[in-house]
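Undergrad: Here is a sequence with its predicted model. Questions after.
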Amino acid sequence: MSGKQHSFFYRNGLSIVVFILFLLTLAGQIGTGLQEFNEENLKNHESQVTLLAYLTTNHFVEATFENWESEFLQIGMYVWLTIFLRQKGSAESKDLEEKEDVDREPVNHPNAPWPVKKGGIWVKLYSHSLTLTILLLFILSFILHFAGSRSEYNHDQQLEGKPMESVWEYLSNTKFWFESFQNWQSEFLSVLAIVILSIFLRQKGSPESKPVDAPNSQTGK
């Protein structure tokens, strides 16, 4: 084990940079969304809103959780499907024949996470905690997307003097499902792209790629 001391950024650089990118793009969404929302309000002779007020609008809630929902669905399904399914030659697949470290039963040792040391139901839950947590995040995002989308739809209906829809009525509304499917299909396409492209293409230095000199038939990292 190396005794070399690394800086905080070196040890956490990936999450820090991705989090900064998340904040920058979220800020971009909020800024442009606020402008679009106020322009729409102007056309409908409704009052303008401040930045803080915009964060509580259905316009912001719908747009934000519509996207988060699809992201959590994508990564959750991907984590779960890679347990059982294989793709020959892909860096994103487990080996076609050999058992891998992730398949072995957890063993209690001094550095093991506390649920492993606790054993019983705790280690059972912990063994599936990644998929379960992402599933819960998907469900929460789905509910918030639905609520924001329905409220936004009913607001538009009210402006046009048309009847508003209940929760059960809106569940069959094509607008809501169009919003969902248009995002879901793009997420599954991106997963398909990395699974297939990693068979034939390489990126030196990335753990998401096979070694540059690895044969196309090599499966796994």
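TA: Great, that's in hand.

Undergrad: Name the nearest residue to the residue positioned nearest the centre of the chain, sequence neighbours excluded.
TA: Centroid-nearest residue in the chain, with C-alpha atoms, centre = their mean: residue 71, separated by 2.6 Å. Closest residue to residue 71 apart from its sequence neighbours, by C-beta to C-beta, 6 or more residues apart in numbering: residue 187 at 6.6 Å. For glycine as for every other residue, the C-beta is placed from the backbone atoms N, C-alpha and C.

Undergrad: One more: residue 130?
TA: Nearest non-adjacent residue to residue 130 (C-beta to C-beta, 6+ apart): residue 79, at 5.9 Å.

Undergrad: For burial, what's the neighbour tally of that neighbour?
TA: 14 (other C-beta atoms under 10 Å).

Undergrad: Give the buried residues for the helix or strand where it lies.
TA: Counting by DSSP states H and E, the element that carries residue 79 is helix 58-84. Buried residues in helix 58-84, counting neighbours by 16 or more other C-beta atoms under 10 Å, are found at 58-70, 72-78, 82.

Undergrad: For it, name the packing helices and strands.
TA: Applying 3 or more C-beta pairs under 8 Å, 6 or more residues apart in numbering; DSSP states H and E, one finds that helix 58-84 makes contact with helix 8-43, helix 129-159, helix 174-200.

Undergrad: What about residue 172, how many residues nearby?
TA: When neighbours are counted by other C-beta under 10 Å, residue 172 registers 9.

Undergrad: So it: helix, strand or coil?
TA: Put simply, residue 172 is coil when judged by DSSP: H, G, I helix; E, B strand; the rest coil.

Undergrad: Okay, it and residue 45: tell me how far apart.
TA: According to C-beta to C-beta, to the nearest Å, residue 172 stands 32 Å off from residue 45.

Undergrad: same deal with residue 77?
TA: Distance from residue 77 to residue 45, by C-beta to C-beta: 44 Å.

Undergrad: Quick check: closest non-adjacent residue to residue 144.
TA: residue 65 (4.0 Å).

Undergrad: on that earlier part again, would you mind getting the angle between the helix holding residue 79 and helix 174-200?
TA: 40 degrees (axes from the mean of the first three to the mean of the last three C-alpha atoms, to 10 degrees).

Undergrad: and the residue nearest to residue 144, what is it in contact with?
TA: 141-142, 144-145, 148 (C-beta atoms under 8 Å, 6 or more residues apart in numbering).

Undergrad: hmm, 7 Å instead?
TA: Residue 65 sits next to 141, 144-145, 148 when contact means C-beta atoms under 7 Å, 6 or more residues apart in numbering.

Undergrad: same deal with residue 157?
TA: By C-beta under 7 Å, 6+ apart, the residues touching residue 157 are 163-164.

Undergrad: which regions of the protein sit below the pLDDT cut-off?
TA: In the predicted model, the chain carries pLDDT under 70 at residues 1-3.

Undergrad: mind redoing it with 50?
TA: 1 (pLDDT under 50).

Undergrad: quick revisit: mind checking how far the residue nearest to the centre of the chain is from residue 54?
TA: Per C-beta to C-beta, residue 71 is found 22 Å from residue 54.
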